[in-house]
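In: Model the following, please.
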Amino acid sequence: MYEYLDYTSPLDYFNDVVVQYNVDRPKHTKIIIAEMAGSIYDPDVALPSDNTIIINPNFKTKFSLPFSKFHELQHILTGDQHKTYAFSPLAKNDAEISANGYAFKMLADFYFDENTDRYSKLYDFMAYFGIPMSLENAVLKNL
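Out: Numbering: from 1, shown residues only. So this is what the prediction gives:
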């Protein structure tokens, strides 16, 4: 069924996932997570051509930081090398839907243990990670 992951924080889990991805990557393609303070309106950004995620700690969003990081990581893993992705989880294009799905799945793997009925705790999960109800169907599809 589901592998139980023993992490105390979703950010620790994210960091471990990045470390695991980087183990098999050549040095020049390792994923880099950088923090750059901007205004409250400057979103987090994924730069697939540089394998870099830029996190703005001042960006105001209802989505949790772990969700944002996993969302941007998916852009790095599958992104078009000639594009830059600004955090936009409510967009309807395929790249954003894919990034959301990856984030939902990864966070669900962190949040739920192997004995939990994921569907019965759906709303607790969504509230914990700041996922709006408008994305309920997308979350259900990826659990």
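In: Grab the nearest non-local neighbour of F14.
Out: Closest residue to F14 apart from its sequence neighbours, by C-beta to C-beta, 6 or more residues apart in numbering: K69 at 5.0 Å. (Glycine included, C-beta is placed from N, CA and C.)
In: Confirm the one you found sits in a strand?
Out: No: checked against DSSP: H, G, I helix; E, B strand; the rest coil, K69 lies outside a strand; its state is helix.
In: Go ahead and confirm it touches A34.
Out: No: under the criterion of C-beta atoms under 8 Å, K69 makes no contact with A34, lying 11.8 Å away.
In: shared neighbours of the two, anything?
Out: Residues touching both K69 and A34 (C-beta atoms under 8 Å, 6 or more residues apart in numbering) are 53, 55.
In: Point to the helix or strand of the protein where mean pLDDT is at its lowest.
Out: None of the helices or strands of the chain scores lower by mean pLDDT, DSSP states H and E than strand 85-86, at a mean of 81.
In: Strand partners (parallel or antiparallel) of it?
Out: Sheet pairing of strand 85-86 (DSSP bridges) gives strand 45-47 (antiparallel).
In: got the contact list for T52?
Out: Residues in contact with T52, defined by C-beta under 8 Å, 6+ apart, are 31-34, 46, 76.
In: What subset of those is buried?
Out: Buried members of the contacts of T52, scored by 16 or more other C-beta atoms under 10 Å, are 31, 46, 76.
In: residue contacts, the residue nearest to F14?
Out: K69 makes contact with 11, 14, 33, 44, 53, 55 under the criterion C-beta under 8 Å, 6+ apart.
In: State the distance from the closest residue to the fourth one other than its chain neighbours to H28.
Out: In space, and not counting its chain neighbours, D44 is closest to F87: 4.3 Å by C-beta to C-beta, 6+ apart. Plainly put, F87 is 25 Å away from H28 if you go by C-beta to C-beta, to the nearest Å.
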